[in-house]
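K.L.:
Requesting a structural model of the entry that follows:
(one chain, ligands or ions: 2)
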Amino acid sequence: MVEDLFDKKEIGWKTIDENRKNEIFNFCDNYMNFLGKAKIEREFVKEARKAAETHGFRDLINFEKINPGDKVYFVNRDKSMYLAVIGKEKLENGINIIGAHIDSPRLDLKPNPLSEEGGLAYLKTHYYGGIKKYQWTTIPLSIHGVIIKRDGEKIDINIGEDENDPIFTITDLLPHLAQDQMQKKLSNGIEGENLQVLVGSIPYQAENEEEEKTLKETVKLNILNILNKKYGITERDFVSSELEVVPAFKPKSLGLDSSMIAAYGQDDKVCAYTSLQAILETENVEKTAVCILSDKEEIGSMGNTGMESHMFDFFVSELLNKAGENRPNLLDKLFCFSKMLSSDVDAGFDPLYASVSDAKNAGYLGKGISLNKYTGARGKSGASDANAEYVSYVRNMLEENDIKYQVAELGKVDVGGGGTIAYILANKGVDVIDCGVPVLSMHAPYEVTSKFDVYEAYRTYKSFWR
Ligand code: MN
Ligand code: MN
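P.N.:
Ligands and ions are numbered 1, 2, ... in the order given. Predicted structure coming up:
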């Protein structure tokens, strides 16, 4: 039929039966449950490690030798993680990598965060990653992370998620007094320095009148007293902490048909979770399967938990050493023969903002996993552009497994652009393509995905390793 000449892009929901729909909804219930417990990278690593252990993965450090069939993981400073299922083929013939990132845009506490102004106590923040600042005011917020005390004790902090916890918020001007603010551009309507989290208003109760006279900043003092009683910390301990302010919303099914998911941090934990599930269920592979859960992507992948660091090379070298294969320059050979899916989210086509996308080259919610042959911006600058031969390999894999996929660009020419970890591995010689779940309201406190696409991502990653 002449009709078949068209590249038809079907709506995924119309192509599946009731059983598959139930499978999708069940899978996504587990995803939402996991995401609710893993809002920051450290929590993701903790949950991923637990899941890996239950699926028979063991810390690579404890292996003297590795053999085909072994399942190993490596945790880097509690913030990034690699998992591998050792294949029958020699490592030097190449490995199959899927890499996602587990950090998301948020507000980090400043090193000296606590302050008091006008009888209210605040925690000052410095935002992390690309955010629209106005979206982070007047929503419920929670605080996650760690404080390392002077004696080295590490305290896990998680306040604002439990039903009985208080939450926090950042205030904004009432419309009645916002005439000047409303004239400002959206980009500076809320100043970065005003992203201060409201945390208290009761002054410290002095023991006697004598003490009363000597005390200042009593609201701040009261907060420090509460923290001291609960965690045994003093103000100085904030300097050796990493505390992240994130939305206190729980992941929820979205829509009267419950077809979508609204949750914080789906960029890129939706791809991280689906990749993780896929490797947990991967067995008996020819080529070694490796899953990367990386940190710091949202601020350029720098630092020793980011993808630019040599930590991943170290991990793969350790695999070579422990498989008894290593010799000089073998790492380079391994990378040159390896394949990778950079599993990161794509900008979903938003009909309310259709003008920023090329409708023919956009990723739609519900049409399956979205491939980005290249990212970059303005003349593909900075892009890792996948080779046609490799796109063909990935496309065939998807079509053989009847996986719904779409090929997209991030926005119109000269409008859009972005980056992922793809180029970092590509620069090592690996064949890489970006592929992930389309997201609406990306980087907002509440991001939206389609359950259909989440499941197709999981199926893609499983098929890639198989
Ligand atoms: Mn991302
Ligand atoms: Mn992002």
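K.L.:
going forward, measure contacts between C-alpha atoms and count neighbours the same way
P.N.:
Will do.
K.L.:
and Ile202, what is it in contact with?
P.N.:
The contact partners of Ile202, taken as Cα atoms under 8 Å, 6 or more residues apart in numbering, are Val219, Asn222.
K.L.:
And it, what's its pLDDT?
P.N.:
Reading off the confidence values, Ile202 has pLDDT 98.
K.L.:
Tell me the secondary structure of it, please.
P.N.:
When the structure is split into helix, strand and coil by DSSP: H, G, I helix; E, B strand; the rest coil, Ile202 lands in coil.
K.L.:
of all the residues in this structure, which ones are close to ligand 1?
P.N.:
Taking Cα under 5 Å from the ion as the criterion, the chain approaches ligand 1 at residues Asp267, Asp268, Asp344.
K.L.:
export these to JSON lines and tack on pLDDT and distance to Glu193?
P.N.:
Written out in JSON lines, the entries for the residues of the chain next to ligand 1 read as follows (pLDDT from 0 to 100; distance: Cα to Cα, whole Å):
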{"residue": "Asp267", "pLDDT": "97", "distance to Glu193": "25"}
{"residue": "Asp268", "pLDDT": "97", "distance to Glu193": "27"}
{"residue": "Asp344", "pLDDT": "97", "distance to Glu193": "30"}
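K.L.:
Show me which of the residues you listed is closest to Ile97.
P.N.:
Here the nearest of the residues of the chain next to ligand 1 to Ile97, counting by Cα to Cα, is Asp344; it sits at 13.2 Å.
K.L.:
Wait, a helix at the closest one?
P.N.:
No - remark: Asp344 does not belong to a helix; assigned using three-state DSSP, it is coil.
K.L.:
in stretch 316-333, what's buried?
P.N.:
By neighbour count on 16 or more other Cα atoms under 10 Å, the buried set for stretch 316-333 is Val316, Ser317, Glu318, Leu319, Leu320, Lys322, Ala323, Asn326, Leu330, Leu331, Lys333.
K.L.:
could I get it in PDB with only the CA atoms?
P.N.:
Extracted C-alpha coordinates of stretch 316-333, given in PDB (Å, rounded to 0.1, in the frame of the first residue of the first chain):
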ATOM      1  CA  VAL A 316      36.300  -0.500  33.900                       C
ATOM      2  CA  SER A 317      40.000  -1.000  34.500                       C
ATOM      3  CA  GLU A 318      39.200  -2.900  37.600                       C
ATOM      4  CA  LEU A 319      36.900  -5.100  35.600                       C
ATOM      5  CA  LEU A 320      39.700  -5.800  33.200                       C
ATOM      6  CA  ASN A 321      42.200  -6.400  36.000                       C
ATOM      7  CA  LYS A 322      39.800  -8.800  37.800                       C
ATOM      8  CA  ALA A 323      38.900 -10.600  34.700                       C
ATOM      9  CA  GLY A 324      42.600 -11.200  34.200                       C
ATOM     10  CA  GLU A 325      42.600  -9.400  30.900                       C
ATOM     11  CA  ASN A 326      44.600  -6.200  31.400                       C
ATOM     12  CA  ARG A 327      47.600  -5.000  29.500                       C
ATOM     13  CA  PRO A 328      48.700  -1.500  28.500                       C
ATOM     14  CA  ASN A 329      46.100   0.500  26.500                       C
ATOM     15  CA  LEU A 330      43.500  -2.200  26.700                       C
ATOM     16  CA  LEU A 331      41.000   0.300  28.200                       C
ATOM     17  CA  ASP A 332      41.100   2.400  25.000                       C
ATOM     18  CA  LYS A 333      40.500  -0.700  22.900                       C
END
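K.L.:
Format the residues of the chain next to ligand 1 as CSV; extra columns: neighbour count.
P.N.:
CSV is the format used below for the residues of the chain next to ligand 1 (neighbours: other Cα atoms under 10 Å):
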residue, neighbour count
Asp267, 29
Asp268, 27
Asp344, 28
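K.L.:
Take the residues you listed and write them to JSON lines, including distance to Val394.
P.N.:
JSON lines is the format used below for the residues of the chain next to ligand 1 (distance: Cα to Cα, whole Å):
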{"residue": "Asp267", "distance to Val394": "22"}
{"residue": "Asp268", "distance to Val394": "21"}
{"residue": "Asp344", "distance to Val394": "16"}
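K.L.:
In contact with Ser240, which residues are there?
P.N.:
Residues in contact with Ser240, defined by Cα under 8 Å, 6+ apart, are Pro111, Ile147, Ile148, Lys149.
K.L.:
Assign a three-state SS to Ser258, would you?
P.N.:
Counting by three-state DSSP, the backbone at Ser258 sits in coil.
K.L.:
now do Ser142
P.N.:
Looking at Ser142 with three-state DSSP, the answer is strand.
K.L.:
Could you check the pLDDT of the closest residue to ligand 1 within the stretch 101-250 of the chain?
P.N.:
Proximity of the stretch 101-250 of the chain to ligand 1 (Cα to the ion) peaks at His101, 6.6 Å away. With respect to pLDDT, His101 has a value of 98.
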